[in-house]
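Visitor: got a predicted model here, sequence first, then my questions.
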Amino acid sequence: MLRHDVEWFDEDENATGTVTANLSDQPQKVQGLFGVTLGSILQASATLIGGIIIGLCYGPLLSLIGIACIPLIIGSGYIRLQVVVLKEEKTKKWHASSAQLASEAAASVRTVASLTREDDVGRIYSKSLEEPMRISNRTAIGSQALYAGSQGIVFLVVALVFYIGALWIADGKYDTAMFFTSLTAVVSAALGPS
């Protein structure tokens, strides 16, 4: 940011408040990637591989059904992540102008106070938050329906594996210990990365 030409700072998307918000946000993202996020990725990978191995050792047929459904569960986890991340990015973009307004008002607090314009600045700031709130409320129903559908996929997969396993227990192909061990291993493996 320090090496950009002066014209870069004159653009609306590179105003003082926006640049400051981005500057404070970027180091947290880098720290998050190499801290908790990297640990979560390694843990999810180990859980996936370990669960598949245990499931295949105890109940290979039932585990293969569960393993075939793992892409659905991981895909639903990806959808949930995208809904949350995209919502956060859109909200941040919608609030950029109000953040810039607040930053400018805070930087010019003496001028605002000397002109007794505190109420006007507060009213303008409140008005700048109305449109992001209206957009957020309008998009919330769709994004939450998508989130709920992605959550439901997990339960459908668990129900499928449980139903087939129950049928095989009734037929005598599996005993209860084999069924619950393979079910738990494969479901845990699938839910780890999602």
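Guide: It's in.
Visitor: thought Ala190 was touching Gly66?
Guide: Yes. Using C-beta atoms under 8 Å, Ala190 is in contact with Gly66, at 6.7 Å. Placement of C-beta: from N, CA and C, glycine included.
Visitor: okay, and the common contacts of those two?
Guide: The overlap between the contact sets of Ala190 and Gly66 (C-beta atoms under 8 Å, 6 or more residues apart in numbering) consists of Val157.
Visitor: the longest helix seen in the chain packs against which elements?
Guide: Of all the segments assigned as helix in the chain under DSSP state H, the longest by residue count is helix 118-171. Using 3 or more C-beta pairs under 8 Å, 6 or more residues apart in numbering; DSSP states H and E as the contact criterion, the neighbours of helix 118-171 among helices and strands are helix 60-94, helix 96-107, helix 176-191.
Visitor: tell me the mean pLDDT for it?
Guide: Here the mean pLDDT over helix 118-171 is 84, rounded to a whole number.
Visitor: find the centremost residue of the chain, please.
Guide: Centroid-nearest residue in the chain: Leu81, 3.1 Å away (criterion: C-alpha atoms, centre = their mean).
Visitor: quick check: pLDDT value at that one.
Guide: Model confidence at Leu81, expressed as pLDDT, equals 78.
Visitor: tell me how far it lies from Glu89.
Guide: Here Leu81 is placed at a distance of 12 Å from Glu89 (C-beta to C-beta, to the nearest Å).
Visitor: ok, Asn14 next?
Guide: 17 Å.
Visitor: neighbour count: these two, which is higher?
Guide: The residue with more neighbours, out of Asn14 and Glu89, is Asn14; 14 against 10, by other C-beta atoms under 10 Å.
Visitor: for Met1, see how far away that one is.
Guide: The gap separating Asn14 from Met1 is 9 Å, by C-beta to C-beta.
Visitor: again, but for Ile67
Guide: Distance check for Ile67 against Met1: by C-beta to C-beta, it reads 47 Å.
Visitor: who has more neighbours, those two?
Guide: When neighbours are counted by other C-beta under 10 Å, Ile67 comes out ahead of the other of Ile67 and Met1, with 19 against 11.
Visitor: who touches that one in this structure?
Guide: Applying C-beta under 8 Å, 6+ apart, one finds that Ile67 lies in contact with 52, 55-56, 186.
Visitor: in stretch 163-174, what's buried?
Guide: For stretch 163-174, the neighbour count (16 or more other C-beta atoms under 10 Å) marks 164-165, 168-169, 174 as buried.
Visitor: residues making contact with it?
Guide: Identification of contacts with stretch 163-174 by C-beta under 8 Å, 6+ apart yields 59, 61-62, 65, 175-176, 179, 182-183.
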